[in-house]
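Undergrad: sequence and predicted structure below; questions after.
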Amino acid sequence: MASSGLPKIQTDKKAENEMCHDDSAQPVNAQTVDQLHSLQKKKSAPTTPMTDGQGPFAQEDLQKQQLQSISASLASLTRETGPKLVKGDPTKKAETPPISVTITNQHHHFAAPLNISDSALKFTHILYNLSPAELYEQAIKFEKESFITSTGALATLSGAKTGRSPKDKRVVKDETTAADLWWGKGSPNIEMDEHTFLVNRERAVDYLCSLEKVFVNDQFLNWDPENRIKVRIVSARAYHSLFMHNMCIRPTPEELKNFGTPDFTIYNAGQFPCNRYTHHMTSSTSIDLNLARKEMVILGTQYAGEMKKGIFSLMHYLMPKRQILSLHSGCNMGKDGDVALFFGLSGTGKTTLSTDHNRYLIGDDEHCWSENGVTNIEGGCYAKCIDLSREKEPDIWNAIKFGTVLENVVFDEHTREVDYSDKSVTENTRAAYPIEYIPNAKIPCVGPHPKNVILLACDAFGVLPPVSKLTLPQTMYHFISGYTALVAGTEDGIKEPTATFSACFGAAFIMLHPTKYAGMLSQKMQKHGATGWLVNTGWSGGSYGSGSRMKLAHTRKIIDAIHSGALLNAKYTKTEVFGLEIPDEVEGVPSEILDPSNTWSDKKAHKDTLVKLGGLFKKNFEVFLDHKIGADNKLTQEIVAAGPDI
C-alpha cells in the first residue's frame, strides 16, 4: 500500500520490445494544418459524376455544361452582361482555378442599352445539389437562426411569414391561360400581366446574382418516369435548399449527370421584397407564376411552403393537359395491392388515417392518377408539428431526425429538446423530411389504380353519418364542395360551428375549374371500378358543444371495413335531405351511431341543423352551376341533382 493510502499498481515485466498498447504510427504526410485538413475529406464530385473511362477533361466538360445551364437560368432579360458563375463554397480555398461561365442572353423582351455594371466584375458561387450534411454546415455557419435539435433535425425560422400568402399569389394571364384557367369568383387565381412578372423576375434575379453564393437544386416531380417533371430551385438560404431536397424527388448521380435543361424554374428571393409600386402589388410579398415561361418568382416571404405549393399548382395545370388527374390527397396501399385515396381539409384526419402500420404509404399530400395508376408527386412529407406526440403520431415523431427541417418550432436553449405544444412563433409549425423516413413507405412511390376514394369531413354540426357509400354523382358533388366545419371563436361562452368549403379539397392550388378535375375523377373511378365514401370524423349526438367527437377507434374500424371490402356487402338505408346511403352495421362500431338521427335527443334540432347544413352546401355550389361537363351537360345535371334536397 502506498503512503497515500492508494493501492500500489502492480506491473509485470514485458518481454523486450513488447508494448501493452501499440498505437504508434508514422507521422501524417502534411506540413501545415490546411494540408492536414485536406487529408480529412475523401475527394469526390457528387454533382458531376464520372462513368468508367472518363477522365478529368470529361469531368470539366460536365461542370461547364451544368454552369452554362444555371447561368442561362440566372441570366438577365434586359442586359447581356451578368455575374460570372463559379462552382463551390467561397469560404473554401480552391485547389484548382475555378471554372467560370459568363452569362450571355441573346433574347431581349425589352430594348435596353448594352452596359456593364459592377455585378459583371464579381463571381456568384453556385452551391449545387449539396448533401444534407453540407447544407447543415451552411445553415449553422451563415444563418444565425439555425440550430441542431436534440434528435438531429435542423430547426430554423421562416421570418415574418409563417404560412402561405394566398392573396399575394398571382398568375400571368395571357392568351393561353385566359382560356384555360379558372378566373373570377371563387378562383384562387389572381391575374397579373407578363410585364409585371418580368419586372419581379428581374428584381429576384438581380438580388440572387448580387449574393456571394446561391443554392441550386435540380430535382424531379412525379414518380411516374413517363411523366416526370424536371424542376430547378435557385435560392439564397441553405434552409430552403434542404427543404426542397427533402420535398422533391432526389435524382441519382446518373440522372443528375444527364439532367439537362429544367422544365420549370423557381427563383426564391424571399429575403428581398417586391417593389410595392409595381403594378398589381398590394404588399411587399409577391409569389408569381408564369406558365408560358415555366417560371416562378418568390419575393418578400421566406416561408418554404410557398415553393411546395407553387409547384403543386404547376402540376395541377400540366398534368390534366396530359389526361392525368392531379389530386390533393393522401394515398396508401394494402398488402394485396388495394389502393385508397384520402381527401380532407385540415383537421379532418387525412394524415392520421392514411398513415396505417398495416398498409404501405405512397404519399401524404400530392398525387397523380394516370393510365399507369397512382403516383406521388413528391419525395417527402410536410407534416404539422403542433402538439405532436410520440404516442399519437409515432411515425412522424421518429422521422424528425438528422436531415429533417423543423420550421418555427420552440426548443430548450440548453438541451435543444423541442416543445411541440409551444405556439410562441406560430401554430403552423412544420417538419419536412424524405418519405423514406417513414418505415412503411412504398419506394418507389407508385401503386395500381385506386379501389376506394375516401372523402373526409369533420362535421362540427353533427348531422353527417360516420360513413356513407356514395354514388358516382354524389362523389363528384362532395368532391367539388370540399366540405369541413371549423369551430369559431368563443363569444359569451358559446361556440358555433362554421362550414368551410374548398373545391376539390384544395381550392388554393387548383388552376382549372373544379368541374374539370371532377369530370376526370368521374371517368377514372368509372373506368377502374372505384367506390366513393364520405366519412365524418367530426361530431355525433349533437353539434359542437353538445355532442361528442367521433372516437378515432371507431373511425379506424370504418376505414378498415372500407379497405377489406366488407362495407360493399352491407345493407344500406338512405337518409333524408342529403340522400346518403348508410350501412346498418360495421364490425367494431356501435350500430346506434351509424344513423345520426338516432344519437340526437332533440329530433327537431337535428332536422333543423340538417336542413341548415344542406342550405349551406347549396349556396356554396351556386358558383359552379354555370360550368358544363361533357358535350350534353348530362354529368353536370347529375352532379347538381346529387346534392341536398331541401
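TA: Perfect, thanks for sending it.
Undergrad: any low-confidence regions in the stretch 101-250 of the chain?
TA: 101-121 (pLDDT under 70).
Undergrad: for the stretch 201-350 of the chain, what spans make up the helices?
TA: Secondary structure of the stretch 201-350 of the chain (DSSP state H, counting those that start in this stretch): helices at 238-247, 253-257, 305-321, 350-354.
Undergrad: among these, which gets the worst mean confidence?
TA: Note on the helices of the stretch 201-350 of the chain: helix 350-354 shows the lowest mean pLDDT, a mean of 87.
Undergrad: can you name every helix or strand that that helix contacts?
TA: Contacts defined by 3 or more C-beta pairs under 8 Å, 6 or more residues apart in numbering; DSSP states H and E place helix 350-354 against strand 330-333, strand 339-343, strand 450-457, helix 552-564. For glycine as for every other residue, the C-beta is placed from the backbone atoms N, C-alpha and C.
Undergrad: for residue 276, find the nearest of those.
TA: Nearest to residue 276, of all those, is strand 339-343, at 37.5 Å by C-beta to C-beta.
Undergrad: hmm, back to that, of all the helices and strands packed on helix 350-354, which one is nearest residue 64?
TA: For residue 64, the closest of these is strand 330-333, at 41.1 Å, according to C-beta to C-beta.
Undergrad: quick one: low-confidence parts of the protein?
TA: For the chain (pLDDT under 70), the answer is 1-24, 43-59, 80-82, 93-121, 488-495, 628-635.
Undergrad: re earlier: mind putting the helices and strands packed on helix 350-354 in a markdown table, distance to residue 571 and mean neighbour count included?
TA: Compiled in a markdown table, the helices and strands packed on helix 350-354 are given as follows (distance: least, C-beta to C-beta, whole Å; neighbours: other C-beta atoms under 10 Å):
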| stretch | distance to residue 571 | mean neighbour count |
| --- | --- | --- |
| strand 330-333 | 28 | 26 |
| strand 339-343 | 23 | 26 |
| strand 450-457 | 19 | 24 |
| helix 552-564 | 13 | 19 |
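Undergrad: now the closest residue to residue 157 other than its chain neighbours: which helix or strand?
TA: Nearest residue to residue 157 in three dimensions, chain neighbours excluded: residue 145, at 4.3 Å (C-beta to C-beta, 6 or more residues apart in numbering). Under DSSP states H and E, no helix or strand contains residue 145.
Undergrad: quick one: the residue lying closest to residue 322 once chain neighbours are set aside and residue 537, what's the gap?
TA: For residue 322, ignoring the flanking residues on the chain, the nearest one in space by C-beta to C-beta, 6+ apart is residue 227 at 6.2 Å. Going from residue 227 to residue 537 by C-beta to C-beta, to the nearest Å gives 33 Å.
Undergrad: more neighbours, those two?
TA: The neighbour comparison of residue 227 against residue 537 (other C-beta atoms under 10 Å) goes to residue 537, with 25 against 18.
Undergrad: now that one. Its backbone dihedrals?
TA: Dihedral pair for residue 537: phi -100, psi 10, per degrees, to the nearest 10.
Undergrad: my guess is it contacts residue 345, does it?
TA: No: contact between residue 537 and residue 345 fails when scored by C-beta atoms under 8 Å: they sit 10.9 Å apart.
Undergrad: re the thing from before, from residue 361, how far off is the residue nearest to residue 322?
TA: 21 Å.
Undergrad: next: residue 621.
TA: For residue 621, the distance to residue 361 (C-beta to C-beta) stands at 33 Å.
Undergrad: quick one, strands of the stretch 251-400 of the chain?
TA: 264-269, 286-290, 295-299, 325-328, 330-333, 339-343, 360-363, 366-370, 373-376, 380-384 (DSSP state E, counting those that start in this stretch).
Undergrad: dump those strands into a markdown table; add distance to residue 309 as well.
TA: Converted to a markdown table, these look like this (distance: least, C-beta to C-beta, whole Å):
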| stretch | distance to residue 309 |
| --- | --- |
| strand 264-269 | 11 |
| strand 286-290 | 9 |
| strand 295-299 | 10 |
| strand 325-328 | 10 |
| strand 330-333 | 16 |
| strand 339-343 | 17 |
| strand 360-363 | 15 |
| strand 366-370 | 9 |
| strand 373-376 | 16 |
| strand 380-384 | 9 |
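Undergrad: for residue 515, which of those strands is the nearest?
TA: strand 325-328 (12.9 Å).
Undergrad: that older thread, so who does the residue nearest to residue 322 touch?
TA: By C-beta atoms under 8 Å, 6 or more residues apart in numbering, the contact set of residue 227 is 319, 322, 324, 368, 370, 375.
Undergrad: CA atoms only: put stretch 242-253 into PDB for me.
TA: Output in PDB follows, covering the C-alpha atoms of stretch 242-253 (Å, rounded to 0.1, in the frame of the first residue of the first chain):
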ATOM      1  CA  LEU A 242     -32.600  21.400 -47.700                       C
ATOM      2  CA  PHE A 243     -36.400  21.800 -47.600                       C
ATOM      3  CA  MET A 244     -36.700  21.200 -51.400                       C
ATOM      4  CA  HIS A 245     -34.000  18.400 -51.200                       C
ATOM      5  CA  ASN A 246     -36.500  16.700 -48.900                       C
ATOM      6  CA  MET A 247     -39.700  17.600 -50.600                       C
ATOM      7  CA  CYS A 248     -38.800  16.800 -54.300                       C
ATOM      8  CA  ILE A 249     -37.600  13.500 -55.700                       C
ATOM      9  CA  ARG A 250     -33.900  13.200 -55.400                       C
ATOM     10  CA  PRO A 251     -32.100  12.300 -58.600                       C
ATOM     11  CA  THR A 252     -29.400   9.500 -58.700                       C
ATOM     12  CA  PRO A 253     -25.900  10.600 -59.700                       C
END
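Undergrad: narrow the contacts of residue 227 to just the buried residues.
TA: By neighbour count, with 16 or more other C-beta atoms under 10 Å, those hold 319, 324, 368, 370, 375 as buried.
Undergrad: closest to residue 355 out of these?
TA: Of all the buried ones among the contacts of residue 227, residue 375 has the smallest distance to residue 355: 18.5 Å, by C-beta to C-beta.
Undergrad: what residues are bridge-paired with that closest one?
TA: Per DSSP bridges, the residues bridged to residue 375 are residue 368, residue 446.
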